[in-house]
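Asker: let's see this in three dimensions:
(one chain, ligands or ions: 2)
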Amino acid sequence: MQSPLIIAISGASGSGKSLFTKNLFNGFSAQGRPVQVLREDHYYRAQDHLPMEQREQNNYDHPNAFEHELLKAHLQALREGQPIDYPHYCYKTHTRLPETERLNPAPVIILEGIMLLARTDLLPLYDVKIFIDTPLDICLMRRMMRDLKERGRSIESVAKQYEETVKPMYHQFIEPSRFTADVVVTQGGKNQIALDVIKSHIQQALL
Ligand SMILES: Nc1ncnc2c1ncn2[C@@H]1O[C@H](COP(=O)(O)OP(=O)(O)O)[C@@H](O)[C@H]1O
Ligand SMILES: Nc1ccn([C@@H]2O[C@H](COP(=O)(O)O)[C@@H](O)[C@H]2O)c(=O)n1
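Answerer: Ligands and ions are numbered 1, 2, ... in the order given. The predicted structure follows:
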C-alpha cells in the first residue's frame with residue numbers, strides 16, 4: 001500500500017477545526033474515498049489516578065497534557081499500513097475511556113487538534129499543514145456554547161479556565177505555530193473555497 005497522505009488541521013479551541021474536518025471528510029466520503037480522522041484530544045493523558053478536584057484544575061492547553069508519543073507511534077503505524085487502537089476521551093471526567101477502537105489505515109488521514117503544529121517533532125509526519133485562523137472572541141463565544149451544551153461545564157468554569165490557561169497558552173503555543181502552516185484558513189469550518197482548494201490538492205496527490 002502507498003504511504004497515506006496525512007493532513008494536520010490546527011488552530012484555537014472553538015476556531016472551527018472539527019467542522020472543517022467534518023466538511024473535508026464528507027467531501028471525500030461522498031466520492032467513496034476511504035479517509036480516517038484522528039482527533040488529538042483523544043490523546044489527552046489518562047488521569048484515573050487523580051482525584052476529580054485535581055483533574056478540574058489541570059492545564060489542558062499545554063503540550064504536556066497530551067500523550068504525543070502515542071500519537072506519533074500511531075501515525076507511524078498507519079504510515080506502515082498497520083492498524084491502531086485509537087483511544088477515546090471523556091471531557092466530563094477528564095480522562096480516557098476504558099475502551100479503544102481498532103482503526104485501519106486509509107489513503108488519507110485527517111488529524112485535528114490545538115497543538116498539532118506546535119510540536120515541532122510531529123511536523124515532518126504531516127504532508128499538509130492547515131491553520132484555522134479565527135478571532136479569539138468568536139472562538140470563546142463558540143466554546144462557551146459548546147462546553148455548556150456538550151462538555152458539562154458552567155459559564156463560570158469556562159470563563160475561569162479561559163482566563164487562566166486557554167488564552168495564555170494560545171498566545172504561547174498555538175498562535176506562533178500558525179507560521180508553520182502551508183495554508184491559513186479564515187472564516188472557520190464553513191470556508192467552502194478553502195475546502196475546495198484543499199480537496200483538489202489531495203485528489204491530485206492521490207492520483
Ligand atoms: N464558520 C462558522 N460559522 C458558524 N459556526 C461555526 C463556524 N465554524 C465553526 N462553527 C461552530 O462553532 C462551534 C465550534 O466549532 P468546532 O469546529 O467544534 O471548533 P474546534 O474544533 O476548533 O474547537 C461548533 O458549534 C461549530 O459548528
Ligand atoms: N479534560 C479536558 C480536556 C480538554 N479541555 C479543553 O479542550 C480544548 C481542546 O479541544 P477543542 O475541541 O476545543 O479544540 C482545550 O482548549 C482544553 O482547554 C478541557 O476543557 N478539559
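Asker: for stretch 5-13, buried residues please.
Answerer: 5-13 (16 or more other CB atoms under 10 Å). Using the backbone N, CA and C atoms, a C-beta is placed for each residue, glycine as well.
Asker: which ones are touching residue 74?
Answerer: Residues touching residue 74, when contacts are defined by CB atoms under 8 Å, 6 or more residues apart in numbering, comprise 38, 84, 86.
Asker: now with 10 Å?
Answerer: With contact taken as CB atoms under 10 Å, 6 or more residues apart in numbering, residue 74 is in contact with 38, 42-43, 82-87, 103, 109, 111.
Asker: just the buried residues out of these, in PyMOL syntax.
Answerer: In PyMOL syntax, the buried subset of those is picked out as below (16+ other CB under 10 Å):
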select buried, resi 38+42+43+84+86+87+103+109+111
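Asker: so which of the contacts of residue 74 are in strands?
Answerer: Using DSSP state E to define strands, the subset of those located there is 38, 84-87, 103, 109, 111.
Asker: from those residues, pick the one nearest residue 55.
Answerer: In terms of CB to CB, no member of these lies closer to residue 55 than residue 87, at 16.5 Å.
Asker: how about residue 78, nearest residue that isn't a chain neighbour?
Answerer: In space, residue 78 comes closest to residue 105 once its chain neighbours are excluded; the distance is 4.7 Å by CB to CB, 6 or more residues apart in numbering.
Asker: so can I have JSON lines of the buried residues of stretch 5-13 showing secondary structure and distance to ligand 1?
Answerer: Shown next, in JSON lines, are the buried residues of stretch 5-13 (DSSP: H, G, I helix; E, B strand; the rest coil; distance: CB to the nearest ligand atom, whole Å):
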{"residue": "5", "secondary structure": "strand", "distance to ligand 1": "21"}
{"residue": "6", "secondary structure": "strand", "distance to ligand 1": "18"}
{"residue": "7", "secondary structure": "strand", "distance to ligand 1": "15"}
{"residue": "8", "secondary structure": "strand", "distance to ligand 1": "13"}
{"residue": "9", "secondary structure": "strand", "distance to ligand 1": "9"}
{"residue": "10", "secondary structure": "strand", "distance to ligand 1": "9"}
{"residue": "11", "secondary structure": "strand", "distance to ligand 1": "6"}
{"residue": "12", "secondary structure": "coil", "distance to ligand 1": "7"}
{"residue": "13", "secondary structure": "coil", "distance to ligand 1": "5"}
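Asker: how about TSV for those residues, with distance to ligand 2 added?
Answerer: What follows is these, written out as TSV (distance: CB to the nearest ligand atom, whole Å):
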residue	distance to ligand 2
5	22
6	19
7	16
8	13
9	10
10	9
11	8
12	8
13	3
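Asker: quick one: the strands in this protein, in order.
Answerer: So, for the chain - with DSSP E - the strands run 5-11, 35-39, 84-90, 95-103, 108-112, 128-132, 183-185.
Asker: check contacts around residue 19.
Answerer: Contact criterion CB under 10 Å, 6+ apart gives 112, 132, 142, 188-191 as the residues in contact with residue 19.
Asker: how near is it to residue 48?
Answerer: The spacing between residue 19 and residue 48, counted by CB to CB, to the nearest Å, is 31 Å.
Asker: with residue 100 instead?
Answerer: Between residue 100 and residue 48 the distance is 15 Å, computed by CB to CB.
Asker: all set, thanks.
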